[in-house]
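In: Okay, here's the prediction I keep looking at, along with the sequence it came from:
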Amino acid sequence: MLLVIGCGFFLSSITHHPSPAFADIYSYTDDRGVIHFSNVPTSNNNWRVKIKEEHFDSRKLSLGGHDKLIYKAAEIHGIDPLLIKAIIRAESDFDPSIVSNKGAVGLMQLMPGTAGDMGVDNAFDPVQNIDGGVRYLKKLIGMYKSNLLLVLAAYNAGEGAVRKYKGIPPYRETQDYVRKVLQHFKAYKNAENTSLKVANR
């Protein structure tokens, strides 16, 4: 089963700049078993809400205590800090000491090979981990031309898996991961936009 996208929401730039709040995200499965995503469903398909628009208190979304490190890395590498936060939340829930059963370490769950490639000596160190993770994220964004679905799939399953399947691999873990990060990213964006509206009143 493959996942494809149906609108520019996923293909828009994910470098650091303001963006509008996200609306509901819909999906449907076609006759070939391909899952389509869009925030603008057409009337001729059986679309279902997959990620519903919600409004969150931004204070409840910043419990990790690593905002300064995240925003610094975001500024250095030109990546949206809210995307970085969404990935960290999905990967480690802001726990710098976590180690996965596959050996991924720290906030952004860096595998030893990736950590080495990104110049990370101690993946448990939040400063090094975030910088290395964002470096790798920036590499993937360039590789997949800002296609966020492919970027997230490669971050989770590896570049080889995305290349093999020419899209998001048919792994339940990876598909769930992509949805989870998108949901967190959308929540952060909506919270940011709500805060901006309040500040401008």
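Out: That came through, no problem.
In: Which strands or helices does the longest helix anywhere in the chain pack on?
Out: When the chain is parsed with DSSP state H, its longest helix is helix 172-199. The helices and strands touching helix 172-199, judged by 3 or more CB pairs under 8 Å, 6 or more residues apart in numbering; DSSP states H and E, are strand 48-51, helix 81-92, helix 148-157. (Each C-beta comes from the backbone N, C-alpha and C, glycine too.)
In: Can you mark which positions in that helix are buried?
Out: By neighbour count on 16 or more other CB atoms under 10 Å, the buried set for helix 172-199 is 174-175, 177-193.
In: ok, now stretch 96-113?
Out: For stretch 96-113, by 16+ other CB under 10 Å, it's 96, 104-111.
In: what does that stretch rub up against?
Out: Here stretch 96-113 makes contact (CB atoms under 8 Å, 6 or more residues apart in numbering) with 64, 66, 87-88, 91-92, 94-95, 115, 118, 120, 123-126, 129-130, 132-134, 136.
In: Helix or strand with the lowest mean pLDDT in the protein?
Out: Every helix and strand of the chain was ranked by mean pLDDT, DSSP states H and E. The lowest is strand 3-5, at a mean of 44.
In: how near is the closest residue to H66 other than its chain neighbours to D95?
Out: In space, H66 comes closest to P126 once its chain neighbours are excluded; the distance is 5.7 Å by CB to CB, 6 or more residues apart in numbering. Going from P126 to D95 by CB to CB, to the nearest Å gives 10 Å.
In: Which one's more surrounded, those two?
Out: P126 (20 against 12; other CB atoms under 10 Å).
In: In this structure the more buried one contacts D67, no?
Out: No: using CB atoms under 8 Å as the test, P126 is too far from D67 to be in contact (11.3 Å).
In: which ones are touching P169?
Out: 153, 157, 161-162.
In: Quick one: these as TSV, columns for pLDDT, neighbour count and distance to I76 too.
Out: Below are the contacts of P169 laid out as TSV (pLDDT from 0 to 100; neighbours: other CB atoms under 10 Å; distance: CB to CB, whole Å):
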residue	pLDDT	neighbour count	distance to I76
A153	95	26	25
A157	97	20	26
A161	97	17	28
V162	95	25	26
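In: Name the residues of stretch 151-160 that are buried.
Out: 151-158.
In: Could you do stretch 127-137 as well?
Out: Those would be 128-137, for stretch 127-137 by 16+ other CB under 10 Å.
In: Let's see which of those end up in helices.
Out: Counting by DSSP H, these contribute 128-137 to helices.
In: From those, pick the one nearest P81.
Out: V134 (9.3 Å; CB to CB).
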